[in-house]
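[1] Sequence first, predicted coordinates after that:
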Amino acid sequence: MSVLREKLKALFKSKTKGYLTSSSHDPVEILRLSYRDLLRLARQIDAHADQAPYPHVAQLLRRMASEKRQRAETLKEKILSLGGDT
């Protein structure tokens with residue numbers, strides 16, 4: 001487990017210079033921040049769906065929000081498998 005974590009840490013360090021808002025290079029922390037952002041985005045999209053002027057637009061937005069929540073769930077599983085918490 002820690003070998004994977006160290007490999008991910010090295011990968012993130014080399015690939016993300018200047019990209020992340022967090023100064024952390026801990027892969028679990030990066031995944032946790034992405035998880036949080038995806039859930040926030042899903043809530044925002046749901047709010048837009050509630051205000052959508054047409055039913056087909058609301059349906060599309062709700063589908064998009066659902067996809068974001070599914071991706072967040074995938075990240076959550078990965079975070080937990082790496083020993084982190086959400």
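    Received, thanks.

[2] Does the nearest residue to Leu39 once chain neighbours are set aside lie in a helix or a strand, and which?
    Excluding the flanking residues, the one nearest Leu39 by C-beta to C-beta, 6 or more residues apart in numbering is Ala72, at 5.1 Å. (Each C-beta comes from the backbone N, C-alpha and C, glycine too.) Using DSSP states H and E, Ala72 sits in helix 55-81.

[3] That helix - contacts with which helices or strands?
    Under the contact criterion of 3 or more C-beta pairs under 8 Å, 6 or more residues apart in numbering; DSSP states H and E, helix 55-81 touches helix 27-51.

[4] Next, the angle from the helix it packs on to helix 55-81.
    Here the directions of helix 27-51 and helix 55-81 differ by 160 degrees (axes from the mean of the first three to the mean of the last three C-alpha atoms, to 10 degrees).

[5] now helix 27-51, how far from the centre of its chain.
    Distance of helix 27-51 from the chain centroid (C-alpha atoms, centre = their mean, to the nearest Å) equals 6 Å.

[6] Give me the buried positions along that helix.
    Under the neighbour-count criterion of 16 or more other C-beta atoms under 10 Å, helix 27-51 has 27-32, 34-35, 38-39, 41-42, 45-46, 49 buried.

[7] for those residues, which one is nearest Lys76?
    Closest approach between the buried residues of helix 27-51 and Lys76, by C-beta to C-beta: Tyr35, at 5.7 Å.

[8] quick one, what contacts Ala42?
    For Ala42, the contact set (C-beta atoms under 8 Å, 6 or more residues apart in numbering) comprises 65-66, 68-69, 72.

[9] how close does it get to Val3?
    33 Å (C-beta to C-beta, to the nearest Å).

[10] isn't Val28 right up against Thr86?
    No: with contact defined as C-beta atoms under 8 Å, Val28 does not reach Thr86; the gap is 10.0 Å.

[11] got any residues that touch both of these two?
    Shared contacts of Val28 and Thr86 (C-beta under 8 Å, 6+ apart): Ile79.
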